[in-house]
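Enquirer: Provided below are the primary sequence and the corresponding predicted coordinates.
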Amino acid sequence: MPKAELHIHIEGSLEPELIFHLAKRNRIALPYPTVEALRAAYAFTDLQSFLDIYYAGAGVLLHEQDFYDMAWAYLTRAAADHVLRAEIFFDPQTHTARGVGFDVVINGLHRAIIDARRRLSISADLILCFLRHLSEEDAFATFEEALPYRDRFIGLGLDSGEQGNPPENFARVFARGRELGFRIVAHAGEEGPPAYIHAVLNVLKAERIDHGVRCVEDPLLVERLVRERIPLTVCPLSNEKLRVFPRLADHNLGVLLGHGLIATINSDDPAYFGGYINQNFTATFDALQLTNAQAYRLAQNSFAASFATPEVKRGWIEKLDACFESFGAGTA
């Protein structure tokens, strides 16, 4: 099934095998003796316990080729999962804080995207995310460093730990991003309350909500999201792994669709959460007993919610329609 992926952290696609490969290439000693030991450490109790190991894993990324190899590995996997469009988050502060130049990060990622367009027929773009556990001053400094490369990313996002880090803290830097024409997204309503989703909409003026599953706690917010057609980039396996829902069978994706929300399925940090986008689809559909019509709707939503042009979106949806017709699957 053709689809778009709109919530993927490229650093979260760094598989243990590639971590060990890059550590060896860059002569970095890891605190884990084997790939298996590292993978066994992926037993998270909440978002922060995941972030601790996530940032540690990114420490093997030092050179432009490292960032290229990481992005190319994800894009190759995405192509195998029939992803036609990927809007990829990257966290420059994770790397510049370690002395890695911004140019090193974005040049490696951008080169992989160009190669993927040519060799894999994937449309892909980058979204620069600010780390919300750091200051807005730090975000501004990162943004200024990024502006000479503004042709290599299309939007700004906000990620990292929600608890105690409200979106309002970043009002000025996102206002500056909007002035310069960047698309705006932000994480909200994963661990944080519905109030954070309101703030993302009212203060940051986000066009998409990353996660957003807690919106159902506020009926007026749900009505607004439906009325204003604000998409949600939902990540089911991530939500289960980080205990947002106790079990995948408890996930509210079906409820979100039932309310008429523009929900999508995405993989978030697939190397850490046990599944790329197709695995998120199959596991979620098995757990929730969703229908062919809901599968079609989720894929159609993903194209509609992307930042591609209307003409390009129509072409992708035509491919989706042809796919469903070829399998005799209902779309309504």
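Expert: Yep, it's here.
Enquirer: How about the secondary structure of L126?
Expert: Under DSSP: H, G, I helix; E, B strand; the rest coil, the three-state class of L126 is strand.
Enquirer: Quick one: neighbours of the closest residue to it other than its chain neighbours, just the number.
Expert: Nearest non-adjacent residue to L126, counting by CB to CB, 6 or more residues apart in numbering: F153, 4.1 Å away. Using the backbone N, CA and C atoms, a C-beta is placed for each residue, glycine as well. Using other CB atoms under 10 Å, the number of residues around F153 comes to 22.
Enquirer: what's around L14, how many residues?
Expert: Under the neighbour criterion other CB under 10 Å, L14 is assigned a count of 25.
Enquirer: Actually, L248.
Expert: The number of residues near L248, taken as other CB under 10 Å, comes to 18.
Enquirer: Helix or strand: which one has the nearest residue to it once chain neighbours are set aside?
Expert: Nearest residue to L248, sequence neighbours excluded (CB to CB, 6+ apart): A287, at 4.0 Å. Using DSSP states H and E, A287 sits within helix 277-288.
Enquirer: Could you look up the next helix or strand downstream of that helix?
Expert: Beyond helix 277-288 in the direction of the C-terminus, DSSP H and E gives the next helix or strand as helix 292-304.
Enquirer: quick check: angle from that following helix to helix 277-288?
Expert: With axes from the mean of the first three to the mean of the last three CA atoms, to 10 degrees applied, the angle from helix 292-304 to helix 277-288 works out at 140 degrees.
Enquirer: Which neighbouring elements make contact with helix 292-304?
Expert: strand 3-9, strand 83-90, helix 253-258, strand 263-265, helix 277-288, helix 310-326 (3 or more CB pairs under 8 Å, 6 or more residues apart in numbering; DSSP states H and E).
Enquirer: on that earlier part again, which of the residues in the helix holding A287 are buried?
Expert: Residues of helix 277-288 classed as buried by neighbour count (16 or more other CB atoms under 10 Å): 277-281, 283-285, 287-288.
Enquirer: mind listing the strands in the stretch 101-250 of the chain by residue range?
Expert: 123-131, 155-159, 183-188, 208-211, 232-234 (DSSP state E, counting those that start in this stretch).
Enquirer: what's the pLDDT at L225?
Expert: In this model, L225 is scored at 98, pLDDT.
Enquirer: before we move on, what about T309?
Expert: T309 is assigned 97 on the pLDDT scale.
Enquirer: before we move on, back to that, as TSV, the strands of the stretch 101-250 of the chain with mean pLDDT and distance to D115 would be great.
Expert: Listed next are those as TSV, based on pLDDT from 0 to 100; distance: least, CB to CB, whole Å:
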stretch	mean pLDDT	distance to D115
strand 123-131	98	10
strand 155-159	98	21
strand 183-188	98	23
strand 208-211	98	26
strand 232-234	98	25
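Enquirer: which residues does the residue nearest to L126 contact?
Expert: When contacts are counted by CB atoms under 8 Å, 6 or more residues apart in numbering, F153 is found next to 90, 106, 125-128, 146, 182.
Enquirer: Now flag whichever of these is closest to A58.
Expert: Proximity to A58 was ranked across those by CB to CB; first place goes to F90, at 10.4 Å.
Enquirer: Distance check, A249 against C235.
Expert: In this structure, A249 and C235 are separated by 16 Å, where distance is defined by CB to CB, to the nearest Å.
Enquirer: quick one: which of the two has more around it?
Expert: For A249 and C235, the more surrounded residue by other CB under 10 Å is C235, and the numbers stand at 29 against 12.
Enquirer: which residues does the closest residue to that one other than its chain neighbours contact?
Expert: The shortest distance from C235 to any non-neighbouring residue, by CB to CB, 6+ apart, is to D268 (3.7 Å). The neighbourhood of D268, defined by CB under 8 Å, 6+ apart, consists of 7-9, 12, 235, 237-238.
Enquirer: now I317
Expert: So I317 contacts 300, 303-304 (CB under 8 Å, 6+ apart).
Enquirer: got a markdown table for these, with pLDDT, distance to A293 and neighbour count too?
Expert: Below are the contacts of I317 laid out as a markdown table (pLDDT from 0 to 100; distance: CB to CB, whole Å; neighbours: other CB atoms under 10 Å):
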| residue | pLDDT | distance to A293 | neighbour count |
| --- | --- | --- | --- |
| Q300 | 98 | 10 | 22 |
| F303 | 98 | 16 | 23 |
| A304 | 98 | 16 | 18 |
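Enquirer: and which of those residues is nearest A195?
Expert: A304 (26.9 Å).
Enquirer: Serialize the strands of the stretch 101-250 of the chain to TSV and add fields for mean neighbour count.
Expert: As requested, these are arranged in TSV below (neighbours: other CB atoms under 10 Å):
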stretch	mean neighbour count
strand 123-131	23
strand 155-159	25
strand 183-188	26
strand 208-211	27
strand 232-234	28
